[in-house]
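[1] Generate a structure from the sequence data that follows.
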Amino acid sequence: MASTETTAKAAKDETDTHDLAGLEAGLDALETRQQTRRPWRQTFVQKILPPVVAVALVLAVWQALVSFRIVDDPTKLPPPGAVWGVVRDAWLQGELLGYIWTSVSRGLLGFFFALLIGTPLGLLVARVRFVRAAIGPILSGLQSLPSVAWVPPAVIWLGLNNQMMYAVILLGAVPSIANGLVSGVSQVPPLFLRAGRTLGATGLKGTWHVVLPAALPGYVAGLKQGWAFSWRSLMAAEIIASFPDLGIGLGQLLENGRNASDMAMVFEAILLILTVGIAIDLLIFSPLERWVLRSRGLLGKD
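    Numbers count the residues shown, from 1 in each chain. Next up, the predicted model:
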């Protein structure tokens, strides 16, 4: 009888060992698959070719509208070649990078200030019930308020200067950053907080080591949206509050084209604004978002 029980137990242990070995092998295979880099050809076909085809299609439709005289007034829709000529002239005259840098430097510096203000504000709203009840609805309302509405009072309060530009950026971006962090903290599982308290991570230590890492996906989404609001707010401020002492940014360039009824310059400014927005997203926020998702096992390595 004892021999039978011993044999059964040994068989069971052997089965469990095989199951564990199989599970470990499966996990190893999964990890190996994630670490395999995607071939360059596959990357080109899946990531590079689609946007190139989309841009080529837009340019083809644009040129067709002009060539077949569907829109035969160049003051309303200039041909792509005319817009390219304006961009080339600005580059040859050494003005193009100046337009871009004036706006990008303002936008990034304003976004940095918004980050410094929005992050602690979001933590305060997320962690203190009274503050959340008092300020939470206001932040949501400010986030839905068009940024262009802040330009007239900012001009009256601060005048036509860079401080006015930064104030408009802050008012547009801070609510988005704070709300993104609040949303991320709200989605942190209570088990994480209890585990952190058990291990002694309370107060600021718990916030730094438990809450912020767990809330990172929502926070990054808030940062991405905050940059979009920063850029839109800056363009609105530059268009409305155009002044020679402020220099010529992309918003001022757009307004100058409108004043001169030069649609080629208007399209030049629109394309540059769009290009800068896409470039910042591809160079900064998309890699940051992929890193956050990959660190949580939600995205395989490319």
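[2] What strand or helix carries residue 82?
    Assigned by DSSP states H and E, residue 82 belongs to helix 80-92.
[3] quick one: the helix or strand just after that helix to helix 80-92, angle?
    Of the helices and strands lying after helix 80-92 in sequence (DSSP H and E), the nearest is helix 96-127. Between helix 96-127 and helix 80-92, the angle comes out at 90 degrees (axes from the mean of the first three to the mean of the last three C-alpha atoms, to 10 degrees).
[4] continuing past helix 96-127, what's the next helix or strand?
    Heading C-terminal from helix 96-127 (DSSP H and E), you reach helix 129-144.
[5] Quick one: mean pLDDT over that next one.
    Averaged over helix 129-144, pLDDT sits at 88.
[6] Give me the nearest residue to the residue most central in space within the chain, chain neighbours excluded.
    By C-alpha atoms, centre = their mean, the chain has its centre lying nearest to residue 224, at 2.4 Å. Leaving aside its chain neighbours, residue 224 sits nearest to residue 285 (4.6 Å; criterion: C-beta to C-beta, 6 or more residues apart in numbering). Heads up, the C-betas are built off the backbone N, CA and C, glycines and all.
[7] What degree of burial does the one you found show, as a neighbour count?
    18 (other C-beta atoms under 10 Å).
[8] Likewise for the one 3 residues further on?
    Applying the criterion other C-beta under 10 Å, we find 14 residues in the vicinity of residue 288.
[9] Then the one 5 residues further on?
    Applying other C-beta under 10 Å, we find 15 other residues in the vicinity of residue 293.
[10] isn't it right up against residue 217?
    Yes: at 7.4 Å, residue 293 counts as touching residue 217 under the criterion of C-beta atoms under 8 Å.
[11] Look up how far residue 224 lies from residue 216.
    12 Å (C-beta to C-beta, to the nearest Å).
[12] CA atoms of the helix or strand containing residue 192 as CSV?
    Assessed by DSSP H and E, residue 192 sits inside helix 190-198. Provided in CSV are the C-alpha atoms of helix 190-198 (Å, rounded to 0.1, in the frame of the first residue of the first chain):
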residue,chain,number,x,y,z
PRO,A,190,-5.5,49.4,-4.8
LEU,A,191,-3.4,46.2,-4.3
PHE,A,192,-0.3,48.1,-5.4
LEU,A,193,-0.9,50.8,-2.8
ARG,A,194,-1.5,48.3,0.0
ALA,A,195,1.6,46.3,-1.1
GLY,A,196,3.6,49.6,-1.0
ARG,A,197,2.4,50.5,2.4
THR,A,198,3.3,47.0,3.7
